[in-house]
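Chemist: following is a predicted model, sequence given first.
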Amino acid sequence: MCSHLLVLARAFLILLAVFCPSLARAASFACDGRLSAVEQAICTDRRLSQLDERMYSLYKPIKRAYPEAVFSQRDWLKYGRNRCTDNACLTQVYESRIRQFEAGSFRNWAAINMPKMAAAGRAGAGVNYQASQKNSAAAAEWMRQNKILETGLTFAKARYAYPTNLQVAAMSCKTPNAFYLLENEMVVFCYELTERLIHQYQNALSNGLTTEQQALQRLLYSVHYVLQHELGHAALHNRRAKRNFGNQESEADNFAAVSLILSARNDADLVDMLFGVKYFSDVFRQQGLTLDALTDEHDLSERRYYAFACLAAGANATVAQQFVKISQFTEARVKRCQFDWRNGREAMSNLNTAQAAAVRQ
Ligand SMILES: [Zn+2]
C-alpha cells in the first residue's frame, strides 16, 4: 500500500516537474516563455528566485486587502527592479521591497487613507466632493460644477438596486483611478482620473481629431463609463447571492456598457459613447501581455473597448452595419454580439429596483 503511494507520489512529482518547470523558480511570473533580461536573471539565480518568491508571498495578501497597492507595485517594477543591470542591484531592490512589505507600510497607508475615504462619503445622499490637491483642482471644479457624478448616480439609482448605504465621493487620491470600497459600500472617484482624461481630450482637440463639443460629450461618456463600472461593482455586491461566472471586473465592465447603451437617446449618442470608451481605453492602454498589465486586475484596455463595441453593435443595427462596413466585425460576429446584448439586458433586469421593474410591467 505504502509503496504504491510512494510510486504514485513519485510519478506525481515527475509530472509536476514536467508540467510546471517554473514552479520551483520565481513566483511572481512564469519562467518559461519569452523573458526580459531581468526576468532571465531572476529565473536562473537560485537566491534571486527565492527573493522573488518571498516578495510575492508578502505582496499577494497586501494586494487583496488594499487593491491600490498595484500602483505602487507597478512603479516598483518599472522604476526599481526592471532598471537593474546586474544581480547585486536586483538583490538590493528585492531586499528593500521585502523590508518595506514586512514593515507594514501598506497597512499604515490604508489606516490613514481608508477611514478618510469612508468618512468622506457619509456627509449626504448625493456625491461628496472633497478638497482637491492643487494639480487636479481644475478637474475637480469641472466635475463639481457640471454635477457629472450626480447625473450618473441619479440615472443608475432610478434603475438598479444598490446597497442601502451606498455613497459616492470624489477626491484626490494620488492615482488616476476609481474604486468601489466593498466594506464601506462606497464609490471613490479620483480627480486625477478626470484630469488624465481631460488631458487626452485636449490632445485630440489640438490634433484636430474632434470638435470641442464632440470632445466634451465624449469626455462625459468616458467619465460615465468609469462611474457605471464602479456602480456595477456596487450593484453586483448588493446581489451577491446571484453570482455569475467569476470575474467581477468583466461583469462590472458589462454592467457599465449595458447601462450606458440603455441611456443613449439616439445613434449619435451611441457613437459618442463608443469614442468615449475608446478614449478611456487609449489612456490606459497596456503594452500587450506585460507584467504591468497582469498586476492590474482590470481587463486589458483593448478588450474593454471591444466588449463595449460588441454590445453596442448588438444593441443597434446601424452601429453593427458600420462595423461590418469598416471590416471591424463580420456578420457572424454581429449575430453573437446581438446574443450577448440580449443576455446583458436580461442580467441587468435582475438588478432592477422594485420600482423600475414595476414601471416596466
Ligand atoms: Zn473594477
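Modeler: Good, I have the coordinates.

Chemist: contacts, neighbours, all on C-alpha from now
Modeler: Fine.

Chemist: could you check how far residue 172 is from residue 199?
Modeler: In this view, residue 172 and residue 199 are 17 Å apart by CA to CA, to the nearest Å.

Chemist: who's more crowded, those two?
Modeler: Neighbour count, other CA atoms under 10 Å: between residue 172 and residue 199, residue 172 has more, with 23 against 14.

Chemist: and that one, its phi and psi?
Modeler: phi -80, psi 130 (degrees, to the nearest 10).

Chemist: can you pull the contacts of it?
Modeler: Contacts for residue 172 (CA atoms under 8 Å, 6 or more residues apart in numbering) come out as 130-133, 136, 190-192.

Chemist: mind listing which of those residues are in strands?
Modeler: For the contacts of residue 172, the ones inside strands are residue 190, with DSSP state E as the criterion.

Chemist: just the buried residues from the contacts of residue 172, in PyMOL please.
Modeler: To isolate the buried ones among the contacts of residue 172 in PyMOL, judged by 16 or more other CA atoms under 10 Å, type:
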select buried, resi 130+132+136+190+191+192
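
Chemist: any stretches of the stretch 1-150 of the chain with poor pLDDT?
Modeler: Scanning the stretch 1-150 of the chain for pLDDT under 70 picks out the ranges 1-26, 66-68, 71-72, 75, 105-125.

Chemist: and for whichever helix or strand residue 55 is part of, what's in contact with it?
Modeler: Remark: residue 55 resides in helix 46-65, with elements defined by DSSP states H and E. With contacts defined as CA under 8 Å, 6+ apart, helix 46-65 is touched by 25-28, 41-43, 69-70, 87, 90-91, 94-95, 97-98, 101-102, 106.

Chemist: again, but for stretch 274-282
Modeler: By CA under 8 Å, 6+ apart, the list of residues contacting stretch 274-282 reads 197, 200-201, 218-222, 225, 301-302, 304-305, 308-309, 312.

Chemist: can you tell me which of those are in strands?
Modeler: Short answer: the contacts of stretch 274-282 have none in strands (DSSP E).

Chemist: all helices of the stretch 1-150 of the chain, in order?
Modeler: 2-19, 37-44, 46-65, 69-75, 87-102, 105-121, 137-145, 148-159 (DSSP state H, counting those that start in this stretch).

Chemist: what do you get for the stretch 251-361 of the chain?
Modeler: Under DSSP H, counting those that start in this stretch, the stretch 251-361 of the chain gives helices at 267-283, 291-295, 301-315, 317-325, 331-349, 354-360.

Chemist: please identify which of those is closest to residue 36.
Modeler: helix 291-295 (10.6 Å; CA to CA).

Chemist: could you dump the helix holding residue 55 to CSV, C-alpha only?
Modeler: Written as CSV, here are the backbone C-alpha positions of helix 46-65 (Å, rounded to 0.1, in the frame of the first residue of the first chain):
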residue,chain,number,x,y,z
ARG,A,46,18.6,30.5,-7.0
ARG,A,47,18.9,33.3,-4.5
LEU,A,48,17.0,35.8,-6.6
SER,A,49,14.3,33.2,-7.3
GLN,A,50,13.9,32.8,-3.5
LEU,A,51,13.7,36.6,-3.0
ASP,A,52,11.1,36.9,-5.7
GLU,A,53,9.0,34.2,-4.1
ARG,A,54,9.4,35.8,-0.7
MET,A,55,8.4,39.2,-2.1
TYR,A,56,5.4,37.8,-3.9
SER,A,57,4.1,35.9,-0.9
LEU,A,58,4.1,39.1,1.1
TYR,A,59,2.6,41.2,-1.8
LYS,A,60,-0.3,38.8,-2.5
PRO,A,61,-2.3,39.3,0.7
ILE,A,62,-1.4,43.1,0.7
LYS,A,63,-2.9,43.4,-2.8
ARG,A,64,-6.0,41.5,-1.7
ALA,A,65,-6.5,43.9,1.3
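
Chemist: how about residue 225, nearest residue that isn't a chain neighbour?
Modeler: residue 256 (5.7 Å; CA to CA, 6 or more residues apart in numbering).
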